[in-house]
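Chemist: One predicted model, sequence on top.
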Amino acid sequence: MASAMPTGRRMNWASAPAHVRSRDAGEVWQAGFSEVRSTDRESFLQHRSYMAQNPVRAGVVDSPEGYPYSFTYLAKQKSAGAEAR
């Protein structure tokens, strides 16, 4: 099957940025998504805390440590293991 794009302009789909690949597959991110970068330690810690609180806000768990897919859960498990030794 011949490509409509000239050979010199072909792009490897797998290495293309997500926004380029999404032209064929629809949106990659949900509507309303915006990229925010952490620029320093304080910003990183604020974003990390926000993410840890997501399952709490959603009513899935009572505390971030209770959500097994959170870094806070892993930190609690490691801490409990260190205390048991």
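Modeler: Thanks, I have it. Numbers count the residues shown, from 1 in each chain.

Chemist: where's S79, which helix or strand?
Modeler: helix 71-84 (DSSP states H and E).

Chemist: name the helices or strands packed onto that helix?
Modeler: Contacts defined by 3 or more Cβ pairs under 8 Å, 6 or more residues apart in numbering; DSSP states H and E place helix 71-84 against helix 41-57. (Each C-beta comes from the backbone N, C-alpha and C, glycine too.)

Chemist: neighbouring contacts of the helix it packs on?
Modeler: 36, 38, 61-64, 66-67, 69-72 (Cβ atoms under 8 Å, 6 or more residues apart in numbering).

Chemist: With neighbour count, distance to P55 and pLDDT as new columns, can the residues you listed be given to me in JSON lines?
Modeler: What follows is the contacts of helix 41-57, written out as JSON lines (neighbours: other Cβ atoms under 10 Å; distance: Cβ to Cβ, whole Å; pLDDT from 0 to 100):
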{"residue": "V36", "neighbour count": "9", "distance to P55": "20", "pLDDT": "80"}
{"residue": "S38", "neighbour count": "12", "distance to P55": "20", "pLDDT": "85"}
{"residue": "V61", "neighbour count": "14", "distance to P55": "5", "pLDDT": "95"}
{"residue": "D62", "neighbour count": "10", "distance to P55": "10", "pLDDT": "96"}
{"residue": "S63", "neighbour count": "14", "distance to P55": "9", "pLDDT": "94"}
{"residue": "P64", "neighbour count": "19", "distance to P55": "7", "pLDDT": "94"}
{"residue": "G66", "neighbour count": "14", "distance to P55": "8", "pLDDT": "93"}
{"residue": "Y67", "neighbour count": "19", "distance to P55": "4", "pLDDT": "94"}
{"residue": "Y69", "neighbour count": "8", "distance to P55": "8", "pLDDT": "92"}
{"residue": "S70", "neighbour count": "20", "distance to P55": "7", "pLDDT": "91"}
{"residue": "F71", "neighbour count": "13", "distance to P55": "12", "pLDDT": "92"}
{"residue": "T72", "neighbour count": "18", "distance to P55": "10", "pLDDT": "92"}
